[in-house]
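Chemist: show me the folded form of this:
(chains A and B)
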Number of protein chains: 2
Amino acid sequence: MTERLRRDTDSRTRCGAPCEDGGMDLPASIRHRAQAQLAELVAIPSVSAEGLGLHEAAAAVRALLDELGLTTELHETDGAPVVYGHLEAQPSHPTILFYNHYDVQPADPLPEWETPPFQLSERDGHWYGRGVSDDKGQLVSRLAGLHWYKEKHGSLPFGVTFVVEGEEEIGSPNLADYVAGRADQLRADGCVWEFGGVTASGRPLTYFGLKGIACIALRGRTASHDLHSSLGAVVENPIFRLASAVAGLRDDDGRVLIPGFYDGVVPFTPAQEALIEALPDEATELASVYGVDRYIGGVTGTDFQRQLLGQPNINFNGFHSGYGGPGSKTVLPATAEVKIDFRLVPGQDPATVLRQLRAHLDAEGFTDVIIDELETHEFAARSDADHPFVRHTIDALREAYGLEPVVYPSVAGSGPMHPFVEHLGVPVVGMGCGHPGSRVHSPNENVRVSDFDTSVVALLRLLETYGGGS
Amino acid sequence: MTERLRRDTDSRTRCGAPCEDGGMDLPASIRHRAQAQLAELVAIPSVSAEGLGLHEAAAAVRALLDELGLTTELHETDGAPVVYGHLEAQPSHPTILFYNHYDVQPADPLPEWETPPFQLSERDGHWYGRGVSDDKGQLVSRLAGLHWYKEKHGSLPFGVTFVVEGEEEIGSPNLADYVAGRADQLRADGCVWEFGGVTASGRPLTYFGLKGIACIALRGRTASHDLHSSLGAVVENPIFRLASAVAGLRDDDGRVLIPGFYDGVVPFTPAQEALIEALPDEATELASVYGVDRYIGGVTGTDFQRQLLGQPNINFNGFHSGYGGPGSKTVLPATAEVKIDFRLVPGQDPATVLRQLRAHLDAEGFTDVIIDELETHEFAARSDADHPFVRHTIDALREAYGLEPVVYPSVAGSGPMHPFVEHLGVPVVGMGCGHPGSRVHSPNENVRVSDFDTSVVALLRLLETYGGGS
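Modeler: Numbering: from 1, shown residues only, chains lettered A, B, ... in the order given. Here you go, the predicted model:
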């Protein structure tokens, strides 16, 4: 996943044994095959940011889809290929779309890995390796559920489509065009999104929305080269210019001050709002995890969830200019740069936001500040909370975990969900084998094997109840 | 020099041959001795920031002062020792104090040096090496002038005192106490400051004031560790906090907004103001050198000089937080830091300014922003423009260069001049062998050999007219 709500709490033992209600256990043969598949995929360092191993990983994924009996194709894009796999539904059965990705984040910093990142390692009930959670482990869990269904029921009556891309970790620059151009091939009744898992308290979580995102850099230059800082009496300072621009972008309560930014923002529907109201109160516990005394705007309880999951915002990822070493250095830097991401909600267009930002900067006297558009631009997406596919997912999770699922109408992170919702009109749900300590994008990325098992149980139940009609 | 007004223009051929009026040429024996002395000093990598070679350099300097016939002492401080050398004045003759330093800046970045930094190299009429201008070359030029005087006149009738410290490049943390504690040993009638040279147009320059300085860092922390940027909807951002604090520290015209900052600021005296009025109009030419379209406040001409040389200001040396690599990274950093230097004028106390800053930040709601005091804290100093020592210096420069000197009542840079003016009550003037392309603190630091020669001629004339009474 590029973007999501990460909650870096310590992992805890899940309360309640899996499968209490369903009484299902993942067969050893299914898990062994999954583990072997995962080991094969993890061993391919398919780092999209570095353009490494992508064709090799795509070929390996294609072979896994072939093994499942799907008709597969490699669809070239302007970047890494998409692995497409399809099985036609039998009459009166729905088609389920799986979106996953075979690319991973870089493994840096390498010294912090306890075992090699591109080697699947098992210890203390965890699988470790780059991609075991994000997203190769999730992909393999989908395959495991489908294999299990076939073993148990003899065949797959429902339709299956896989879209496994190789550029998710660099912002899926080609996916929207891909989905729009192949809407006929991708038509489905429900889509299982690439990630999911359990909360810190062990409850399964699901969601059916993501925020949009627009990443930019603001750059300022005030001289042709760095100067001695004594000239700061007469030569403008790029840090001051950018800091002044930054200070005018939001207020102390987090409200974005760019005119028009909130135009068209779509509020939660009554059904989504009801889900917000039903969420557990996580604000206080998370404050101690994050080490904060107070949230922006002083929000607590449900308002915390509403602001986090439902409100667009601006965030500053980095500010770099001049000297940053020990002690002082009396330099007047010539340039400064600040990196920014906007988190957007339905009704906001990344391109419009950037036009509004330009107009705002110009109006505030910052015509000299340059906006660099970075690669990540995504629309927000929210699926309908009342769709049968959504309801079946929630029921399957409840049954598999023996605990009431935590249901987010949207998470705070972003991803390429919008083209699926927009071009395919398909409800999208998140579920999977992650946990809050999975360390995605970090060293020692891991999943708990027990979580993997239960996530496959949950998927089987969804396939049986929604796909197979049992 | 730690701090000065650097004008990094291309060097130009000085108009007017040296010594047209005085008719003096530096004897070859004097220059050869100076070159050998400089080669010896440059070969010692006395980098105070790294604590390297300081005692070795101090011993070498002491030997050079011994060679001149001075009584020398090594004065230990809490840091690097001060090399002290003294010759008592004959009756009715003045004593001249020379302030120099034997420490240098680090040589980084090494690959940019065309010849090894710690080896004196001569090519195309320049000497290259770390310290050839700042400050070992200047020190050697003082020795050359004194040796020449002795050769020419048989002995030194005037008194000579050398204070050669080893911590100038790290802010002279022990010099104020040193000077205060040894005021009796350092008593003098005039002080030749460590650096000087010629302007871009080849005119000799002198000055008798420096700005003060206070270096600080502001630090902010908003979480215990970096978080995923999607949490920016609820968790405060340290870049926004510090940017907001920075934006409130000055206005668009450069005026510092900290209450009390300008209290007690001493304006130029009428004599100093007359010097400002007489300065060449450098603003336009320097704007193209610096690559700026407009100065802060839109100043031009004399107002440019007045703002640069006479007004205190705030400058931002660096701002660092979060991600600064290519593309985007959706991180919410936990910490941010901005490095700041205040340039002060007479009447301002660095400690008072920092108290005013704290009060201002608190009043503006930035109680969470931490102020780190860095090592460099110096009061401003300005000598009397009408003192005979000052007038003799100007005359000696005019005579040696055959051009009207450019006389700055103060330069925009800073240095440890205040204790000399405050505790010794001595007028201080700057002169020396530098030029605008000397690249002090940078790779390929250099002096032009012709500038070295003429600077020694000028010093000899000062020694003869002010010291010797001829």
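Chemist: which residues touch A:Phe208?
Modeler: A:Arg382, A:Ser383, A:Asp384, A:Ala385, A:Val390, A:Pro409, A:Ser410, A:Pro427, A:Val428, A:Val429, A:Gly430 (CB atoms under 8 Å, 6 or more residues apart in numbering or on different chains). Every C-beta, even on glycine, is put in place using the N, C-alpha and C of the backbone.
Chemist: most neighbours out of those, which is it?
Modeler: In terms of neighbour count, A:Val428 stands highest of these at 29 neighbours, by other CB atoms under 10 Å in any protein chain shown.
Chemist: look at the residue lying closest to that residue once chain neighbours are set aside and tell me its secondary structure.
Modeler: In space, and not counting its chain neighbours, A:Val428 is closest to A:Cys191: 4.4 Å by CB to CB, 6 or more residues apart in numbering or on different chains. When classified by DSSP: H, G, I helix; E, B strand; the rest coil, A:Cys191 comes out as strand.
Chemist: count residues in the vicinity of A:Cys191, would you?
Modeler: 26.
Chemist: surely it and A:Phe98 touch.
Modeler: Yes. In this structure, A:Cys191 is within contact of A:Phe98 by CB atoms under 8 Å, at 7.4 Å.
Chemist: which strands or helices does the helix or strand where A:Ser455 lies pack on?
Modeler: Per DSSP states H and E: A:Ser455 is located in helix A:449-462. Helix A:449-462 sits against helix A:28-42, strand A:126-128, helix A:136-153, strand A:197-198, helix A:388-401, with contacts defined as 3 or more CB pairs under 8 Å, 6 or more residues apart in numbering or on different chains; DSSP states H and E.
Chemist: how far away from the center of its chain is it?
Modeler: Distance, stretch centre to chain centre, for helix A:449-462: 20 Å (CA atoms, centre = their mean, to the nearest Å).
Chemist: in that helix, what counts as buried?
Modeler: A:449-462 (16 or more other CB atoms under 10 Å in any protein chain shown).
Chemist: what do you get for stretch A:248-264?
Modeler: Buried residues in stretch A:248-264 (16+ other CB under 10 Å): A:Gly248, A:Leu249, A:Arg250, A:Gly254, A:Val256, A:Ile258, A:Phe261.
Chemist: residues contacting the closest residue to A:Leu344 other than its chain neighbours?
Modeler: Nearest residue to A:Leu344 in three dimensions, chain neighbours excluded: A:Gly212, at 3.4 Å (CB to CB, 6+ apart). Neighbouring residues of A:Gly212 by CB under 8 Å, 6+ apart: A:Arg343, A:Leu344, A:Val345, A:Pro346, A:Gln348, A:Pro350, A:Glu378, A:Phe379, A:Ala380, A:Ala381, A:Ser414, A:His418.
Chemist: same thing with A:Ser383?
Modeler: So A:Ser383 contacts A:Phe208, A:Gly209, A:Val390, A:Val421, A:Pro427, A:Val428, A:Val429 (CB under 8 Å, 6+ apart).
Chemist: closest to chain B out of those?
Modeler: Here the nearest of the contacts of A:Ser383 to chain B, counting by CB to the nearest CB, is A:Gly209; it sits at 12.6 Å.
Chemist: which strand residues bridge that closest one?
Modeler: A:Arg382 (DSSP bridges).
Chemist: wasn't A:Ala351 part of a strand?
Modeler: No. Under the criterion used here (three-state DSSP), A:Ala351 is helix, not part of a strand.
Chemist: count of neighbours near it?
Modeler: 11.
Chemist: ok, the one 4 residues further on next?
Modeler: Counted with other CB under 10 Å, the burial measure for A:Arg355 works out to 14 neighbours.
Chemist: immediately after the host helix or strand of it, which helix or strand?
Modeler: For A:Arg355, the element it lies in under DSSP H and E is helix A:350-363. Once helix A:350-363 ends, the next helix or strand along the chain (criterion: DSSP H and E) is strand A:370-378.
Chemist: and the angle for that next one with helix A:350-363?
Modeler: Using axes from the mean of the first three to the mean of the last three CA atoms, to 10 degrees, the direction of strand A:370-378 lies 160 degrees away from that of helix A:350-363.
Chemist: can you give me the buried ones in strand A:370-378?
Modeler: Under 16+ other CB under 10 Å, the buried positions of strand A:370-378 are A:Leu374, A:Thr376, A:His377, A:Glu378.
Chemist: between these, which is closest to A:Ala223?
Modeler: A:Leu374 (25.1 Å; CB to CB).
Chemist: can you tell me the residue of the stretch 101-250 of chain A closest to chain B?
Modeler: Counting by CB to the nearest CB, the stretch 101-250 of chain A gets nearest to chain B through A:Ser224 (2.5 Å).
Chemist: for that residue, which three-state class applies?
Modeler: Assignment for A:Ser224 (three-state DSSP): coil.
Chemist: identify the residues contacting A:Glu277.
Modeler: Counted by CB under 8 Å, 6+ apart, A:Glu277 has contacts A:Thr302.
Chemist: can I assume it sits in a helix?
Modeler: Yes. Looking at A:Glu277 with three-state DSSP, it is inside a helix.
Chemist: distance of it from chain B?
Modeler: Between A:Glu277 and chain B the distance is 18 Å, computed by CB to the nearest CB, to the nearest Å.
Chemist: before we move on, what SS does whichever residue of the stretch 301-450 of chain A sits closest to chain B have?
Modeler: As assessed by CB to the nearest CB, chain B sits closest to A:Asn315 within the stretch 301-450 of chain A, at 2.9 Å. Classification of A:Asn315 by three-state DSSP places it in strand.
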